[in-house]
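1. sequence and predicted structure are below.
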Amino acid sequence: MRRAEINKGVKRLAILLGVVGSLSWLVFVAMETNVSLNTIPFRGWVFFVITLLLCFLAPFGVVQAIAWIIRTFFTPLASRILLIVAIVLVALVGSYVGVRSLSKREQPVDMPNPGGSIPPELASSVELVDQIVRGLGWGNIAFNTPTRMTYAQPQSVELLLSPSVSVADLQAQLEQKMSAESAKIHISNRMEAHLTGTAFAIEALTPDLQAVTSQQITRWKWKVTPTAHGIQALDLAVSAVIDVAGRDAPLVVRTFGREIQVDITIPQRVSGFVQKNWQWLWAAIVVPIAGYLWKRNKKAADAL
């Protein structure tokens, strides 16, 4: 009698386990895959297979094993209590799996807008800059750089700007009119110009940041000295300084790039070689000459 009751209880436990597991799997599929069998993840199928095994195989070998353990180590009263506890645990496990499935449901992820639209939090600041740019005036600039320079020989580079003077008149005001470039650009009441080049020593003869007026030409001037020979690059950036939310910010309105052929003379090559290798020349030339003179003087002294 005891053995029959235990077997019957364990069979009921197995069936309950299968039912709870099946319901949990259904919740998992419904919430994570929208009941689409072709999108069920691998772990979902594993859970389903385990559930089927518990439903159909447990009433055989597994039930007999559990029944033998209960019959051997527990009294009838303890067996009934153990079955009740097991049923409660199975129910809790099934509920936990269902809740976990609900909590793991994928949430929508904000993806970048492929159209390149401005995020709402940045729209106001960008629109502010757009409004400032639309309010900028126009002006003319003229810029000159020589196409050829000589190594270590400085030359002047100029940039002229005016909101009222024409491009032709600006070019006429340049000290060196060869290889001049001109353009029409947005301007503000404060403009900034930077001249850069890795193979040049650049000395600014005027402030980088200057006020702009229609009453006179705004002029930038630099003294540029090549520090290497060959083809070198010289770059100019012109910026309008605008007020964005109470702070000054440069807005680059035009850039120029120029390749310059820097020549070097033979005396400059010799001088440069001596300056870079004087310690070796001292050992190779001066020391042997000094030794020769010392030896010659010693022979003359011995002859006397």
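-> Here it is on my side, so go on.

2. residues touching Arg254, list them.
-> By CB atoms under 8 Å, 6 or more residues apart in numbering, the residues touching Arg254 are Ile141, Ala183, Ile185, Ala237, Val238. Where you see a C-beta, it was placed from the backbone N, CA and C, and this is true even at glycine.

3. the third one pairs with what?
-> Okay, so that is Ile185. Gly139 (DSSP bridges).

4. check it and give its pLDDT.
-> Ile185 carries a pLDDT value of 96.

5. check Ile266 too.
-> Predicted confidence (pLDDT) for Ile266: 81.

6. now do the strands in the stretch 101-250 of the chain.
-> With DSSP state E, counting those that start in this stretch, the ranges of strands along the stretch 101-250 of the chain come out as 137-144, 148-150, 155-162, 180-187, 190-196, 200-204, 209-211, 218-226, 230-244, 247-263.

7. closest to Ala172 out of these?
-> Among these, strand 137-144 comes nearest to Ala172, with 8.8 Å by CB to CB.

8. mind giving me the packing neighbours of the closest one?
-> Judged by 3 or more CB pairs under 8 Å, 6 or more residues apart in numbering; DSSP states H and E, strand 137-144 is in contact with strand 155-162, helix 167-173, strand 180-187.

9. dump the strands of the stretch 101-250 of the chain into JSON lines; add distance to Gln131 as well.
-> Formatted as JSON lines, these follow (distance: least, CB to CB, whole Å):
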{"stretch": "strand 137-144", "distance to Gln131": "15"}
{"stretch": "strand 148-150", "distance to Gln131": "43"}
{"stretch": "strand 155-162", "distance to Gln131": "23"}
{"stretch": "strand 180-187", "distance to Gln131": "13"}
{"stretch": "strand 190-196", "distance to Gln131": "18"}
{"stretch": "strand 200-204", "distance to Gln131": "32"}
{"stretch": "strand 209-211", "distance to Gln131": "23"}
{"stretch": "strand 218-226", "distance to Gln131": "25"}
{"stretch": "strand 230-244", "distance to Gln131": "10"}
{"stretch": "strand 247-263", "distance to Gln131": "13"}
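
10. which one of those strands lies nearest to Gln173?
-> Across these, Gln173 has its closest neighbour in strand 155-162 (5.7 Å, CB to CB).

11. winner for burial among the helices and strands packed on strand 137-144?
-> Burial of those is given as mean neighbour count (mean count of other CB atoms under 10 Å); strand 155-162 ranks first at a mean of 21.

12. quick one: low-confidence ranges for the chain?
-> 1-124, 270, 272-296, 298-304 (pLDDT under 70).

13. domains of it?
-> 2-103, 130-266 (automatic domain parsing).

14. tell me the contacts of Arg258?
-> Applying CB under 8 Å, 6+ apart, the residues contacting Arg258 are Thr145, Thr147, Ser179, Ala233, Leu234, Asp235, Leu236.

15. repeat that with 10 Å
-> Applying CB atoms under 10 Å, 6 or more residues apart in numbering to Arg258 gives the contacts 143-147, 157, 179, 181, 197, 232-236.
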